[in-house]
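Asker: quick one, structure for this:
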Amino acid sequence: MRSVVVLFLPFVLFAKSSFITPLEYSSSLYKNPRGIGCYHCHGEKGEGKLVAKYMHKKEKKSFIGPAINSLSYDKFKKALNTPKQGMPRYYLTKDEIKALYFYLQQMKIDDEK
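Answerer: Presented below is the predicted three-dimensional model:
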C-alpha cells in the first residue's frame, strides 16, 4: 500500500508541468522550508539527530530532533501543525506537507535498495 501511495503522490503534487522534478522540489523544501531546514534537527533523511549537548542547573542535557521518517502521513501532518518547544512554526500549505512526506518516503525507499 505504501508503494502505491508513494508512486501516486508525485502525480497529485505535480499535476501541472514543472521545471523541476517532484523529488527536487521536495528535497529543496526539506532543506529550507522557511529559512531553517528540517535536516538541521531531523537529519538528512529524517532519521533524527543530536542537535546539541548542554548543561542546565549542573545537569547534562541533550537536545535531540526526533526521527520523522517512520511516521504515518496523519501523524506527520499533526506533528507539523502542533506547536512544540524547540520546533519552529513553518505554516506550511497542504501541498508542502505532502511534498515533505513524499521526500522522507523516497529517502526510506532509497535506503532499502
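Asker: which residue ranges of the chain form strands?
Answerer: Along the chain, counting by DSSP state E, strands occupy 49-56, 59-65.
Asker: given the longest one, what are its sheet partners and their directions?
Answerer: Note on strand 49-56: by DSSP bridges, its sheet partners are strand 59-65 (antiparallel).
Asker: the chain: helices as residue ranges?
Answerer: Here the chain has its helices, by DSSP state H, at 2-13, 22-31, 39-42, 73-80, 94-112.
Asker: buried stuff in stretch 54-67?
Answerer: G65 (16 or more other Cβ atoms under 10 Å). From N, CA and C alone the C-beta is placed, and that goes for glycine too.
Asker: distance from the chain centre to that stretch, please.
Answerer: 22 Å (Cα atoms, centre = their mean, to the nearest Å).
Asker: endpoints of it, how far apart?
Answerer: 21 Å (Cα to Cα, to the nearest Å).
Asker: so which residues make contact with it?
Answerer: 40-43, 46-53, 86 (Cβ atoms under 8 Å, 6 or more residues apart in numbering).
Asker: quick revisit: adding mean pLDDT, write the strands of the chain out as a markdown table.
Answerer: Below are those laid out as a markdown table (pLDDT from 0 to 100):
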| stretch | mean pLDDT |
| --- | --- |
| strand 49-56 | 94 |
| strand 59-65 | 94 |
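Asker: K98 is nearest to which of those strands?
Answerer: Across the strands of the chain, K98 has its closest neighbour in strand 59-65 (21.1 Å, Cβ to Cβ).
Asker: test my guess that P22 contacts Q105.
Answerer: No. Applying Cβ atoms under 8 Å as the test, P22 and Q105 come out as separate, 11.3 Å apart.
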